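*Asks:* sharing a model that was predicted from the sequence below.
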Amino acid sequence: DAKTTQPNSMESNEEEPVHLPCNHSTISGTDYIHWYRQLPSQGPEYVIHGLTSNVNNRMASLAIAEDRKSSTLILHRATLRDAAVYYCILRDGAGGTSYGKLTFGQGTILTVHP
Amino acid sequence: NAGVMQNPRHLVRRRGQEARLRCSPMKGHSHVYWYRQLPEEGLKFMVYLQKENIIDESGMPKERFSAEFPKEGPSILRIQQVVRGDSAAYFCASSPPRIGQGYEQYFGPGTRLTVT
């Protein structure tokens, strides 16, 4: 499986934007970039995903570098409820060996200060 | 639209007993995944099932663990003769039957298994 690299932790203040980076230099052409988060004592929650173009939804934005070797999850106004572990995951969209399962790394622990 | 349901939410078993964890996927979802999160560790994939078929069980321990997703009813993760090392949070996820679109998975709240 293609590997992702994320900072271990980041901090933010409430109501400020947060940019969570992810490096995936070995990404293949059919890999989708997914982001999930896990709040304390809860199951993971899907945030957003994309292939080549930047994506927006009600939760966040995903900015994908032109060469696709990195991406950034953007939370436009962090709230205390956004404090979680954020995972950047590559998913094979072409039915390869990693098709189906999510391979979670260590993720980035986001702390939001009031 | 109800989300992924898991029960029980908490399960206590003594060493040597059996644990049965249930997962009802979201309506319209025919793909189910099980993941395990050991204390202070990350989430690890265990098994991927479609109705009546195991697609990928590469993350399942070779012994004592089994999973099924019958034509009718919930998916079941079964752990026989539990040991203390099986104590963990077990999460189920489901996804719709789309192929090649990088589809998302929706997770349940988990079952926290404690083996005493």
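*Replies:* In hand now; what should we look at?
*Asks:* and the helices in the chain?
*Replies:* No chain specified, so I'll use chain A. Taking DSSP state H as the criterion, chain A contains no helices.
*Asks:* so which bits of it are right by chain B?
*Replies:* Residues of chain A found near chain B (CB under 8 Å from any CB of the partner chain) are A:32, A:34, A:38, A:42-46, A:49, A:51, A:91, A:93-95, A:100-107. Every residue, glycine included, has its C-beta placed from N, CA and C.
*Asks:* any stretches of chain A with poor pLDDT?
*Replies:* For chain A, the stretches with pLDDT under 70 are A:1-2, A:93-99.
*Asks:* rerun that using 90 as the cut-off
*Replies:* Applying pLDDT under 90 to chain A flags the ranges A:1-3, A:28-32, A:41, A:91-103.
*Asks:* point me to the residue of it nearest chain B.
*Replies:* A:Tyr32 (2.9 Å; CB to the nearest CB).
*Asks:* hey, what's that residue bridged with?
*Replies:* Taking DSSP bridges as the rule, A:Tyr32 bridges to A:Arg91.
*Asks:* how far away is it from A:Thr52?
*Replies:* Distance, A:Tyr32 to A:Thr52, using CB to CB, to the nearest Å: 10 Å.
*Asks:* which non-adjacent residue is nearest the one residue sitting closest to the centre of chain B?
*Replies:* What sits nearest the mean C-alpha location of chain B, by CA atoms, centre = their mean, is B:Trp34, with 3.3 Å. In space, and not counting its chain neighbours, B:Trp34 is closest to B:Met46: 4.4 Å by CB to CB, 6 or more residues apart in numbering or on different chains.
*Asks:* correct me, but that neighbour touches B:Leu38?
*Replies:* No: in terms of CB atoms under 8 Å, B:Met46 does not count as a neighbour of B:Leu38; the distance is 11.7 Å.
*Asks:* more crowded one of the two?
*Replies:* Comparing B:Met46 with B:Leu38 by other CB atoms under 10 Å in any protein chain shown, the one with more neighbours is B:Met46, at 22 against 13.
*Asks:* and the more buried one, how far is that from B:Ala93?
*Replies:* According to CB to CB, B:Met46 and B:Ala93 sit 11 Å apart.
*Asks:* shared neighbours of the two, anything?
*Replies:* Residues touching both B:Met46 and B:Ala93 (CB atoms under 8 Å, 6 or more residues apart in numbering or on different chains) are B:Tyr33, B:Trp34, B:Tyr35.
*Asks:* which residues does the last one contact?
*Replies:* Going back to what we said before, that points to B:Tyr35. A:Leu102, A:Phe104, B:Leu43, B:Lys44, B:Phe45, B:Met46, B:Tyr90, B:Phe91, B:Cys92, B:Ala93.
*Asks:* 10 Å instead, please
*Replies:* A:43-44, A:101-102, A:104, B:42-47, B:59, B:88-93, B:105, B:107, B:110 (CB atoms under 10 Å, 6 or more residues apart in numbering or on different chains).
*Asks:* flag every residue of chain B that's near chain A.
*Replies:* B:3-4, B:6, B:31, B:33-35, B:37, B:41-50, B:55-56, B:58-59, B:89, B:91-93, B:95, B:99-110, B:112 (CB under 10 Å from any CB of the partner chain).
*Asks:* can you map out the strands along the chain?
*Replies:* Here I'm looking at chain A. Assigned by DSSP state E, the strands in chain A fall at A:9-13, A:18-23, A:31-38, A:45-50, A:55-56, A:61-64, A:70-75, A:84-92, A:108-113.
*Asks:* chain B, not that one
*Replies:* B:5-7, B:10-13, B:19-24, B:31-37, B:43-50, B:53-56, B:65-68, B:75-79, B:88-95, B:106-107, B:111-115.
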